[in-house]
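Visitor: Curious how this folds, go ahead:
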Amino acid sequence: MAFEIVKENITIPSGDGSMAAHLVRPQAPGSYPGVVVAFEIFGLTAHIRDVAERIARLGYTVIVPDFYHRAGTGIDFTDDPDGRRKGLELSGGLTREEAVEDIRAAVDHLRGAEPGAPSVGMIGFSFGGHLAYLAATQFDLAATAVFYAGWLASSDIGLGRPEPTLGLTEGIAEHGGRLAFFVGDEDHAVPAADRAAIAARLAEAGVRHEMTVYPGIAHGFFCDVRDSYRKEAADDAWIRVQELFAAELPRPA
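Guide: Numbers count the residues shown, from 1 in each chain. Predicted coordinates:
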């Protein structure tokens, strides 16, 4: 069943300021589980809005926080050298404290809206995958889908300081959430050593998780407007995301 949806741009409080966000929800009244979507380094792009709409049509209330709101509004970089440079600069400068503030604002909005979401999950891609992994360590997220999250094992970006985000993995188990990780075995941002470290840490922490590694697949395979898109892997991952959300974010009967 595909739900008819409504879309709106909203502003919600975050920390001591405010944050823009894109909200998509089923048109029919009701209490729907919530999903936070975290974007790639390119910002709140048309592709990310499309992902939010796809999830909402499954019967979820979806919010996409504008994690770049401290630098301006409506930031939407193109996938070219200049766009990647600007995106890496902004994503690398976002601190863990700022990210947690923004994710808390999004989760609180989903739970506090009338009627509030009975449960909340998250999905993120690349930089957004890192955000989603971090969120799962900090918040009561029932389900988290992480796509090719870079820098989890390092302190190279603001999210990874003062210690690498991977070191916070026990928090996912403490919150009882389930995490699905999707990555290609030719991903430059998540090399084999990092994949092994992530899998080991999740297992050691007792996190309910699955790691799906796609042979011959590079970074960014889910984004259907980029040259890196690989339909077979993207379709398989999308099926697995739907199964994850259906199991852990059930819609009220």
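Visitor: In three-state terms, how would Leu141 be classified?
Guide: Secondary structure assignment for Leu141 (DSSP: H, G, I helix; E, B strand; the rest coil): coil.
Visitor: what do you get for Gly220?
Guide: coil.
Visitor: And for it, the neighbour number?
Guide: Using other CB atoms under 10 Å, Gly220 has 20 other residues around it. C-beta coordinates here come from the backbone N, C-alpha and C atoms, glycine included.
Visitor: The one 10 residues further on now?
Guide: Arg230 is surrounded by 19 other residues when neighbours are defined as other CB under 10 Å.
Visitor: Where does the prediction get shaky in the stretch 151-253 of the chain?
Guide: 252-253 (pLDDT under 70).
Visitor: residue ranges for the strands of it, please.
Guide: All strands of the stretch 151-253 of the chain, identified by DSSP state E, counting those that start in this stretch, fall at 178-184, 208-214.
Visitor: again, but for the stretch 1-150 of the chain
Guide: According to DSSP E, counting those that start in this stretch, the strands that the stretch 1-150 of the chain contains are 5-14, 17-26, 34-38, 61-65, 120-125, 143-147.
Visitor: I'd like to know which of those strands is closest to Thr95.
Guide: Across the strands of the stretch 1-150 of the chain, Thr95 has its closest neighbour in strand 5-14 (13.1 Å, CB to CB).
Visitor: buried set for the closest one?
Guide: Neighbour-count burial for strand 5-14, with 16 or more other CB atoms under 10 Å as criterion, is recorded at 5, 12, 14.
Visitor: Would you reformat the strands of the stretch 1-150 of the chain as TSV and include distance to Ile48 and mean pLDDT?
Guide: TSV is the format used below for the strands of the stretch 1-150 of the chain (distance: least, CB to CB, whole Å; pLDDT from 0 to 100):
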stretch	distance to Ile48	mean pLDDT
strand 5-14	13	96
strand 17-26	8	96
strand 34-38	6	98
strand 61-65	6	98
strand 120-125	8	98
strand 143-147	12	98
